[in-house]
Structure formats: C-alpha cells, structure tokens
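> predicted model and sequence below, questions to follow.
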Amino acid sequence: PSPPPLHQGLADLVWVTLTYPDGFQAYIHLCWLNPDKQRRLVVVGSLGSLIFDEMSTEAPLTLLHGEFEVKGNQFIPVNQSREVLEVETSESLQRVCSGFVNCIQENTPSTISSGWVGTELVQILTALTESLSKDGKSVFIDKFN
C-alpha cells in the first residue's frame, strides 16, 4: 500500500521545549507515524521521577525515588526505589466530562482547572503553531493576569 498523502501544514513529528520564567522546562515529543504507541508523561525532579504511562495496565502511575551522586564525570544512582501508586481505572475523558457537567449543575468552580488554565493552554498551542510555521524558531508568550 502507498503511504497516506502528506498534508501541507500538518506536522507528523514535533519536538517541543517549553521554558517558563522560573526556569522550569518541559520537553514534549509527538509523532503520529511512530509505530511504538506511547502515552507517557514523565516529571523528573531532584529527588526522583513520577511516571504516568497510560498504556500500562499494571502500573500506570509510578514514583521512582532516588537521586544521583556525582563521581568524577559520572552520575551514580543512589537510594533508588520504585513505588506503584493507585489510580482510578475509569475512562479519563469520561471523568473529565462528568466533572465539568457536575461543576455546571452544582454551580461550583473546578478544583483542578479554570478558564485561566484553558486560556494559557490556548496561548501555548498558538505559540507552538507559530513556531512551527517559522521552522521551529522560539516564540515568547507575554504573561497576563
């Protein structure tokens, strides 16, 4: 079979670096054509890593404790341990939609999101689209409140 036609303006491979004013950085890799389907989020900190792997049925949320010692020009892992955290096994989109409907019916604000969070997400997506159209050049977002 022949490959699907390429569409102008649609990227099938994206590497994103988000840098926040406080120095925090997030690295994102997206690839529609990668045969190795992954839905994983890793947050790395100075005392360990939190890994959310949506494709894992046994341990979708894992906390890896530990740190590194510097010996010469090497980083040696120390105090390593793995902790599987319990998560609700329901459909994520269903939970989000139910929470949204509940906030409307009960006239209560969401405890995990807001209009400001949504606005910032749209700003980021717009900046990513602009960067993509400029061959990956950095795009800066003015913070507003």
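Yep, it's here. Numbers count the residues shown, from 1 in each chain.
> okay, CA-based contacts and neighbour counts for the rest of this
OK.
> so how far is residue 55 from the residue nearest to the spatial centre of the chain?
The centre of the chain sits closest to residue 41, judged by CA atoms, centre = their mean, with a distance of 5.2 Å. Noted for residue 41: a distance of 11 Å to residue 55, by CA to CA, to the nearest Å.
> what ranges do the helices span in the chain?
Taking DSSP state H, the helices of the chain run over residues 92-106, 115-133.
> could I get those helices as TSV with distance to residue 85 and mean neighbour count?
Shown next, in TSV, are those (distance: least, CA to CA, whole Å; neighbours: other CA atoms under 10 Å):
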stretch	distance to residue 85	mean neighbour count
helix 92-106	17	12
helix 115-133	26	14
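> adding mean pLDDT and distance to residue 63, write those helices out as CSV.
Conversion of the helices of the chain to CSV gives the following (pLDDT from 0 to 100; distance: least, CA to CA, whole Å):
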stretch, mean pLDDT, distance to residue 63
helix 92-106, 89, 20
helix 115-133, 89, 26
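> closest to residue 13 out of these?
Across those, residue 13 has its closest neighbour in helix 115-133 (10.8 Å, CA to CA).
> circling back: distance to residue 29 for the helices of the chain - can I get that in a markdown table?
Below are the helices of the chain laid out as a markdown table (distance: least, CA to CA, whole Å):
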| stretch | distance to residue 29 |
| --- | --- |
| helix 92-106 | 21 |
| helix 115-133 | 13 |
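> nearest to residue 24, out of the ones you listed?
For the helices of the chain, the distance to residue 24 is smallest for helix 115-133, at 15.0 Å, taking CA to CA.
> give me the contacts around the closest one.
The contact list for helix 115-133 (CA atoms under 8 Å, 6 or more residues apart in numbering) reads 9, 16, 137, 138, 139, 140, 141.
> and residue 83, bridged to which residues?
residue 63 (DSSP bridges).
> isn't it up against residue 60?
No. In this structure, residue 83 is not within contact of residue 60 by CA atoms under 8 Å, at 11.3 Å.
> do you know how far the closest residue to residue 80 other than its chain neighbours is from residue 40?
In this structure, residue 80 finds its nearest non-sequential neighbour in residue 66, 4.3 Å apart by CA to CA, 6 or more residues apart in numbering. Remark: distance between residue 66 and residue 40 (CA to CA) = 20 Å.
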